[in-house]
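Asks: got a sequence here, can you model it:
(2 chains)
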Amino acid sequence: MAKYDKATIEELIDGTIDFFQLKEMLSSFKDPGRFDTYLEILQERVPWEDRILLPYSLHLYVVQKSNGQRIIKCDCGHEFCEAHDNWKLHALIHVRETDEKLQVLYPELLAPDPQWQVIREYYCPGCASQLEVESVTPWYPVLHDFDPDIDGFYEEWLGRPVPQPSGKSR
Amino acid sequence: MAMQSSDVNLKQEELLNQQYRQSIGWNGKTLKEMREETDRLTAQSGYYAGLRELEFKQSEPIRYEKIFSKLRGGLVHARETAKRVAASPIVEQEGELCFTLYTPEGDSIVTSTGIIIHVGTMGSAIKYMVNHNYEENPGIEPGDIFCNNDCHIGNVHPCDVHTIVPIFWAGEVIGWVGGVTHVIDTGATGPGSMTVGPVTRYDDGYQIACRKIGHDDMLFQDWLIESQRSVRTTKYWLLDERTRIAGCHMIRDLVLGVIAEEGVDTYKHFSREVIEEGRRGLINRIKAMTIPGRYRQVGFVDVPYRHEDVEVPPYAKVDTIMHAPSEIVIDRSGKMSLDFDGSSRWGWHSYNATPVSFTSGIWVMMTQTLIPNDRINDGAYYATQFNLPYGSWMNPDDIRTAHSYAWHFLVTGWSPLWRGLSRAYFARGYLEEVNSGNANTSNWLQGGGYNQYDEMHAVNSFEAAAEGTGASAVKDGLDNAAAIWNPEGDMGDMEIWEYAEPLLYLGRNSKPNTGGFGKYRGGNGYETLRMVWGAKDWTMFFMGNGYVSSDCGMMGGYPAATGYRFEAHHTDLAERFAKQLSFPRGGDPRPAEKVYEKDLKADVKRDKQAITTEAIFENYDLYLNYLRGGPGFGDPLERRPQDVEKDLNGNYLLPEFALKVYGVVFQQEKNGHYRVDVEQTAAKRLEMRRERLQRGRPTHEWMREERGRILKDQASTQVRHMYATSFELSERFLQEFRDFWDLPEDWNLYEKDLDMPTFGSHHRAVNSNKIV
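Replies: This is a model prediction of the structure:
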């Protein structure tokens, strides 16, 4: 079974990993310890103390507050919402629904036609990172991309309880 | 007329034969009884064929693996050898073929490499023959050869032609082997294997519905004559068929050899266990790589049929959008369900799909991500639950539907699934497996007429097998590299295409800006400029996405660029060549700048209409074949400035977009080299972030305005048509839509209220029985 040291996983996260090592990683069996190493690195890198339960997306995490509440939080510190809620509903949105706005991104004739499709950009209100882009028809409900079963993941797949805020037990 | 005594004897002998004839299934069962038993045991136990333990694998693992390796290696070998029989570049160059071994009742055991979407389609055809008593009539005997390409029985589109051969051992069917190749032409209304123009099954070309086409390993003469008179590319058809038969017979010999060596009972037991192992393998892999939970995503693609260059019957003149919402639910047991509730209705075009193309075909994609190993068989199917709404484009309730380019919808419907799973890989830390999605695998250059050798011909360029791939979470997507439907994608050699098509190359270039922008960009597509040469009575057409991008980016990355078309007729190229004047060559990086027209006088069509039906092309006419890029990953403002510099110097990015999208400040040096200013870039990016905060609005505030537009019906007809057909099929989707936008309980949108033909949408009663 494959096993990688912390430095290798850091290179993976940073996108600096050697191509041939990456290729080997893709072709090998998965290393079961990856999640813990990954979590440890991410936790060290964020500037806040809340415990990361699950990396949710680039810059976003499901974290546990000291009162036990689970929320979706950006690495800049902005807190969006409760973990089961759709964070996009609490973000800033910019919709490209005209030729002029779409042709900022694509040369003319290579851009979507706004009569058929629009592009929605979702930004973090804290750091202005572009966290997600949707290309959808007008009127489309905002997608709730991911609703993880964190309890099931820890308890039944990892075989251990979900970490609790200090002083609490399940 | 008096009956002679010899006739009576013959009759009695026949009756006795029927009465005491041993069935060809195992242990005296018919194949139909075997099918019923396997389904019953699987449903009752939750394990394939009721196998709670993998006794053989556990007790003799080396012997078990040896049998698997022999079979798998033999199937791959048969594919590699047999494809040399073919003359079609689609098969010989691109590897568009596949062989699969099945159980007597039609479950797949092991498959070769190649277009493994067919791991289950030929099984579906076998099940059809089993369930329709082929054992009695026309009979199933050693040396028989069967053929199928009927989508509603078991296929993706009619150009994937199946050859299916039973394998007998001591009077029993021990299994079946199926071979499939993607043929160049099926004799449809237009030339080319995935033609645009068919709107019903009856336009889709030659339909072969599980037909016995040979006996004693020989093809029937009437089949040979009829089939070759039914398609345009006779020579390729014939050699493709010999490819399939050669492979099937190699595999039949292989299986008989394994049985001779290992014993028939061992083989029978192995064939059951390996499927159950495949089922468990997918579940284990899901548990090892994903997170339980719910993932939602969506795909759209355009069907712009109201355009004057789409010549179809009046009832098919509909502008609409294919809608493919999907929900992946992974439960705590590791079982995955895929629900496409809310999908739009089938239509009068050739992009409809069948359930088996989903339940079988999805593995051509999953082998590139979730199960990248050689244990691909029906076990994965048994581990997955599908909801494919009846009446939708993926499960039509009308046998009239056309399917010649089902991939237009399939690629668009499946690519978001990969994105959904990638969220799980990302959360788990397997960043190397993340893929933002896939290119729309177009354009399809197709056409036909008399070629440069004065032969009747059709073309279907598989340059589309090398699109840009999606970006991952650690690196850019690959440029002009692969296609979702063939993991071994290859653009093919220009010399081979020029040999096979009366179309000379005036350019073959990577196309800048076609991959989606991002921290890691999508792979770019490419384009080839072709000039018609040596053809007579020649037509061509375009097939691809034009008005929309058929995928999203991921986690801040943008979708790939959309499509467009360029074609030039009545050109002055002959005169230009004679006078040695300049002429169009190379790429078309900024389509609106019309670079080709600067060296050309012609009637040019240059627009977003990337789907057309046959147009006449004379020699010296031009056709641009633009192959699409893949979507991007992550915020473009986080792309390393030195990577943008590489993009600029490699002509992967038009300079003006480096600043507008990536916020990269650069200078061009005297030698033409671009150099990025890192400090000024950092300042520019800060400024762009401030602009985002200024233009960004709280989502709830924007939603109130969008709700107002819905209540006022402010959307194009094609958008509303898409919603109307989805609402009609799914009360659940309609209610979710109402709930999300806080619309009145009686709010709805009806197709009849739109200015669009509604032909075929009112006959639910007629079509309410499932197609059999």
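Asks: skip the chain neighbours and tell me the closest residue to residue B:114.
Replies: Counting by Cβ to Cβ, 6 or more residues apart in numbering or on different chains, the nearest residue to residue B:114 once its immediate chain neighbours are dropped is residue B:98, at 3.9 Å. C-beta here means a position set from N, CA and C on the backbone, and glycine is covered the same way.
Asks: same deal with residue B:500?
Replies: residue B:89 (5.1 Å).
Asks: what distance do you get for the one you found to chain A?
Replies: 29 Å (Cβ to the nearest Cβ, to the nearest Å).
Asks: show me what contacts that residue?
Replies: Shown in contact with residue B:89 (Cβ atoms under 8 Å, 6 or more residues apart in numbering or on different chains): B:462, B:492, B:496, B:497, B:500.
Asks: the residue nearest in space to the middle of chain A and residue B:396, how far apart?
Replies: Nearest to the geometric centre of chain A sits residue A:57, at 0.6 Å (Cα atoms, centre = their mean). From residue A:57 across to residue B:396, the span is 36 Å (Cβ to Cβ, to the nearest Å).
Asks: could you do residue B:606 as well?
Replies: For residue B:606, the distance to residue B:396 equals 35 Å [Cβ to Cβ].
Asks: so between these two, which is more surrounded?
Replies: The residue with more neighbours, out of residue B:606 and residue B:396, is residue B:396; 25 against 18, by other Cβ atoms under 10 Å in any protein chain shown.
Asks: what secondary structure does that one sit in?
Replies: Classification of residue B:396 by DSSP: H, G, I helix; E, B strand; the rest coil places it in coil.
Asks: quick one, what contacts the closest residue to it other than its chain neighbours?
Replies: Take residue B:396 and drop its neighbours on the chain: the residue closest to it by Cβ to Cβ, 6+ apart is residue B:346, 4.0 Å away. Counting by Cβ under 8 Å, 6+ apart, residue B:346 touches B:352, B:391, B:392, B:393, B:396, B:397, B:398, B:401.
Asks: before we move on, what about residue B:745?
Replies: Residues in contact with residue B:745 (Cβ under 8 Å, 6+ apart) are residue B:738.
Asks: do you know how far it is from residue B:726?
Replies: Distance, residue B:745 to residue B:726, by Cβ to Cβ: 18 Å.
Asks: number of residues surrounding residue 161?
Replies: All of this refers to chain A. 11.
Asks: hm, I was asking about chain B
Replies: Residue B:161, neighbours per other Cβ under 10 Å, totals 24.
Asks: what does the stretch 201-350 of chain B have sitting close to chain A?
Replies: Residues of the stretch 201-350 of chain B lying near chain A by Cβ under 8 Å from any Cβ of the partner chain: B:287-289, B:291-298, B:300, B:302, B:321, B:323, B:331-332.
Asks: change it to 10 Å
Replies: Contacts of the stretch 201-350 of chain B with chain A, taken as Cβ under 10 Å from any Cβ of the partner chain, map to B:285-302, B:304, B:319, B:321, B:323, B:325, B:327-334.
Asks: so of these, which ones are in strands?
Replies: Judged by DSSP state E, the subset of these located in strands is B:293-302, B:304, B:319, B:321, B:323, B:325, B:327-330.
Asks: buried residues in the lengthiest helix in chain B?
Replies: In chain B, assigned by DSSP state H, the helix with the most residues is helix B:234-262. The neighbour-count check on helix B:234-262 (16 or more other Cβ atoms under 10 Å in any protein chain shown) flags B:234, B:236-252, B:254-255, B:258-259, B:262 as buried.
Asks: rewinding a little: from the contacts of residue B:89, which single one is nearest residue B:730?
Replies: Within the contacts of residue B:89, proximity to residue B:730 (Cβ to Cβ) peaks at residue B:462, which comes in at 36.1 Å.
Asks: you'd agree the closest one is up against residue B:486?
Replies: Yes: counting by Cβ atoms under 10 Å, residue B:486 is a contact partner of residue B:462 at 8.6 Å.
Asks: if we can go back for a sec, report the contact partners of the residue nearest to the centre of chain A.
Replies: By Cβ atoms under 10 Å, 6 or more residues apart in numbering or on different chains, residue A:57 lies in contact with A:72, A:74, A:87, A:131-132, A:145-146, B:423, B:426-427, B:554-556, B:634.
Asks: next: residue B:285.
Replies: A:30, B:334, B:366, B:369, B:370, B:371, B:372, B:373, B:375, B:380, B:383.
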